[in-house]
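build the 3D model from these lines:
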Amino acid sequence: MSTAVQSQDPHPAVEPNYLVSKRGLMSWLVTVDHKRLGMMYLASVMFFFLIAGILAIALRTELFTPDQDFMSAQTYNQVFTLHGAIMVFLFIIPSVPAALGNFFLPLMLGAKDVAFPRLNLLSFYVYSVAAVFLIVAILTSGLDTGWTFYTPYSTSTGTAVITATAGVFIAGFSSILTGLNFVVTVHKMRAPGMNWNRMPLFVWAIYSTAVIQVLATPVLAITLLLLIIERSLGIGIFDPAMGGDPVLFQHFFWFYSHPAVYIMILPGFGIISEIITVHSRKHIFGYKAIALSSVAIAVISFVVWGHHLFVSGQSELAGVLFSFLTFAVGVPTAIKVFSWVATLYGGSIQYNTAMWYGMAFLWTFTVGGLTGLPLSTLAIDVHLHDTYFVVAHFHYVMVGGTVVAFIGGLHHWWPKMTGRMFNETAGKWGCLLVFIGFNVTFMTQFFLGHQGMPRRYYAYLPEYQVMHQVSTIGSYILALGLLWTLIYLMHSLWKGEKAPSNPWGAVTLEWQTQSPPIEHNFHETPHVHGSPYDFPEIDKSAGGHH
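Got it, this is the predicted structure:
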C-alpha cells in the first residue's frame with residue numbers, strides 16, 4: 001500500500017494560513033471557515049471549563065469538613081447544579097465535536113470545508129445565545145435543581161429554572177445543527193478514493209456522535225419545553241399534585257441524556273484511536289471492529305436509559321431488560337480497549353505528551369467502564385444508587401475519558417492548529433499532575449460511596465471526613481495540572497518553535513497540508529490510496545502482517 005496522499009504541496013509558502021488570511025475582528029465574527037469556527041468553539045468551551053472547574057473546587061473546599069465552612073446549604077445546591085449544567089451542556093457535549101471535530105473533520109476527509117459553512121456559523125451563535133441564557137440564570141436567582149432538573153422540585157422551586165432550561169433548550173439546537181452538518185459532510189464531501197473503509201477512526205467516531213446528536217437531542221428539547229409549560233401555565237404533566245407523573249420526566253430526560261453520555265465519550269474514543277496508532281507507529285489493530293463498534297455504541301445507547309430508574313419503581317421485567325442492555329453496551333467498548341492495547345503491542349511507541357494522555361486514558365476510562373458493571377447489576381445498584389460511587393463512576397468516564405482524551409487530542413493536533421510546538425517536558429509534568437490529581441480525587445469517592453455516603457449532600461457524618469479531605473486535596477492537584485497545561489500551551493503560541501507540517505509522521509490527510517493550514521485546506525484535491533494508518537517501518541519489519 002502506498003501512503004495516503006499522492007500530490008505534495010508544490011508551492012507551500014505562497015498562501016497565508018487560515019489565521020492571517022483575513023484580518024480584523026469582523027473577519028472572525030462572520031467567518032465561515034471551519035478552522036476558525038473550531039478555534040472559536042475551543043476558546044468558548046475552555047472558558048466554560050474554567051468556570052465549571054472553579055465551581056467544582058468551591059464544592060470540594062466546602063466538603064473539607066462536615067460543618068458549614070464558607071457557603072450556606074442553599075448556595076451549595078446552586079454551586080453543584082451550575083457546575084453540572086455548565087460542564088455537561090456548555091463544555092463536555094460541544095468540546096470535542098464542536099472544537100476539534102469542526103477543525104479536523106473536513107481536513108481528514110480531504111474537503112475544503114464542511115457541507116454547510118453558514119449553518120456552521122449559525123450553530124456557533126446559537127451556542128453563544130444558549131450560554132447567555134445560562135449566565136443570566138446564574139446572575140438573577142441561580143439554579144438549585146441539580147443539572148438534571150428533576151421534577152417535581154424543578155416545577156416548584158423559586159430559582160431561575162425557566163431561564164436555565166431555555167438555555168439548554170437552545171444549546172440543543174446548536175448540537176443538532178452541528179450533527180446534521182457532520183453527517184452530510186461525511187456522506188458527500190470525502191476526497192476521491194476515500195471510501196468508508198479508508199476513513200480515519202476519528203471521523204467514524206464524530207460521525208456516530210453526529211447521528212446521536214440529530215436523533216436524541218429533540219427529545220431533550222421537548223422534555224424541557226414541557227417543563228417550561230408546566231411551570232408557566234400550571235398544566236399538570238410531571239407534578240403529581242396536578243395529576244402529572246414525575247417518573248415520566250425521568251424517562252424523557254434520560255432517553256436523551258444517556259445517549260448524550262455517548263455524545264460526550266465517542267469523540268474521545270476517536271481521538272485515542274488516532275493518538276495510539278500514530279504515536280506507536282503501527283497500523284491500528286482491528287480497524288473495522290473499532291469503526292463499527294462506534295456505530296454499535298450509537299445504536300445501543302438509545303435503549304439503556306432505564307438503568308437510571310432501577311429504584312424509581314419500574315417493573316422487574318423492565319429492570320432486567322435494561323440491566324442486560326447496559327451490560328451489552330460494554331461489549332463494543334471493550335472491543336475498542338482490546339484493539340488499542342493490541343496496537344501498542346509490538347509498536348515503536350513514542351512516549352511524548354499525547355501518548356502519555358493516551359496511556360492515562362486507557363487506565364482512567366477502563367476503571368470508569370468497569371465500575372459501570374456493578375451499577376447496572378440490579379441488586380448492587382440498590383445499595384450504590386445516588387451515592388458517591390455513582391459520582392466517581394460518572395467522572396471516571398467523563399473526565400477520565402472525555403476530558404483526558406480531549407487534552408490528549410489538543411496536544412496531538414496543537415502543532416497543526418497553531419503552527420507551534422509546545423514544550424514536551426512541561427507537557428509530561430502537566431499530564432502527571434492531571435493523572436495523579438484525578439485518581440486521588442475520584443478513586444476515594446468509590447470507597448466513600450461504597451460505605452454509603454450519599455451524593456449531593458452538603459453536610460455529612462464525621463466518619464467520612466478523612467476520605468473527603470483526601471478527595472479535596474486531589475482536586476487541588478488536578479486543578480494545578482490543568483492550569484499548568486493552559487500556561488505552557490499559551491506560552492507556546494508566542495515562544496514555541498515553528499511546527500513542521502507533519503511532526504509525528506502521521507499518514508492521515510490533515511498532516512499533508514501546511515501547519516497551520518491555508519484557508520481552503522489543500523492547494524489541490526488530495527487523492528487517497530490505501531489505509532490512513534500505514535506506517536511502513538513497523539509493518540515491513542513485522543513481515544508485513546497487520
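
pLDDT-wise, which helix or strand of this protein ranks last?
helix 536-541 (a mean of 56; mean pLDDT, DSSP states H and E).

in contact with Leu42: list those residues for me.
With contacts defined as C-beta atoms under 8 Å, 6 or more residues apart in numbering, the neighbours of Leu42 are Ala99, Leu100, Phe103. C-beta coordinates here come from the backbone N, C-alpha and C atoms, glycine included.

number of residues surrounding the residue nearest to the second one when sequence neighbours are not counted?
Residue nearest to Leu100 in three dimensions, not counting chain neighbours: Gly409, with 5.4 Å by C-beta to C-beta, 6 or more residues apart in numbering. The local packing of Gly409 (other C-beta atoms under 10 Å) involves 26 other residues.

correct me if wrong: Gly409 contacts Ile275.
Yes: because the distance of 7.2 Å satisfies C-beta atoms under 8 Å, Gly409 is recorded as touching Ile275.

list residues touching both of those two?
Overlap between the neighbourhoods of Gly409 and Ile275 consists of Ala354, taking contacts as C-beta under 8 Å, 6+ apart.

give me the low-pLDDT residue ranges for the stretch 301-450 of the chain?
Within the stretch 301-450 of the chain, not a single segment meets pLDDT under 70.

just the chain next, same as before
In the predicted model, the chain carries pLDDT under 70 at residues 1-14, 537-546.

would you list every one of the strands in the stretch 351-500 of the chain?
Read by DSSP state E, counting those that start in this stretch, the stretch 351-500 of the chain holds no strands at all.

show me where the stretch 151-300 of the chain has its helices.
153-156, 161-188, 201-233, 246-279, 287-300 (DSSP state H, counting those that start in this stretch).

out of the ones you listed, which gets nearest to Val129?
Proximity of these to Val129 was assessed by C-beta to C-beta; the nearest stretch is helix 161-188, lying at 5.6 Å.

could you say what helices and strands that closest one packs with?
The elements that helix 161-188 packs onto, with contact taken as 3 or more C-beta pairs under 8 Å, 6 or more residues apart in numbering; DSSP states H and E, are helix 93-94, helix 102-109, helix 117-140, helix 201-233.

can you redo the ones you listed as CSV with distance to His279 and mean neighbour count?
Below are the helices and strands packed on helix 161-188 laid out as CSV (distance: least, C-beta to C-beta, whole Å; neighbours: other C-beta atoms under 10 Å):
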stretch, distance to His279, mean neighbour count
helix 93-94, 26, 26
helix 102-109, 17, 27
helix 117-140, 30, 18
helix 201-233, 14, 22
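
possible to save the ones you listed as a markdown table with distance to Ile518?
Listed next are these as a markdown table, based on distance: least, C-beta to C-beta, whole Å:
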| stretch | distance to Ile518 |
| --- | --- |
| helix 93-94 | 26 |
| helix 102-109 | 11 |
| helix 117-140 | 16 |
| helix 201-233 | 21 |
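
out of those, flag the one nearest Thr418.
Closest approach to Thr418 among the helices and strands packed on helix 161-188 (C-beta to C-beta): helix 102-109, 10.9 Å.

show me how far that closest one is from its chain's centre.
Its chain's average C-alpha position is 17 Å from that of helix 102-109, according to C-alpha atoms, centre = their mean, to the nearest Å.
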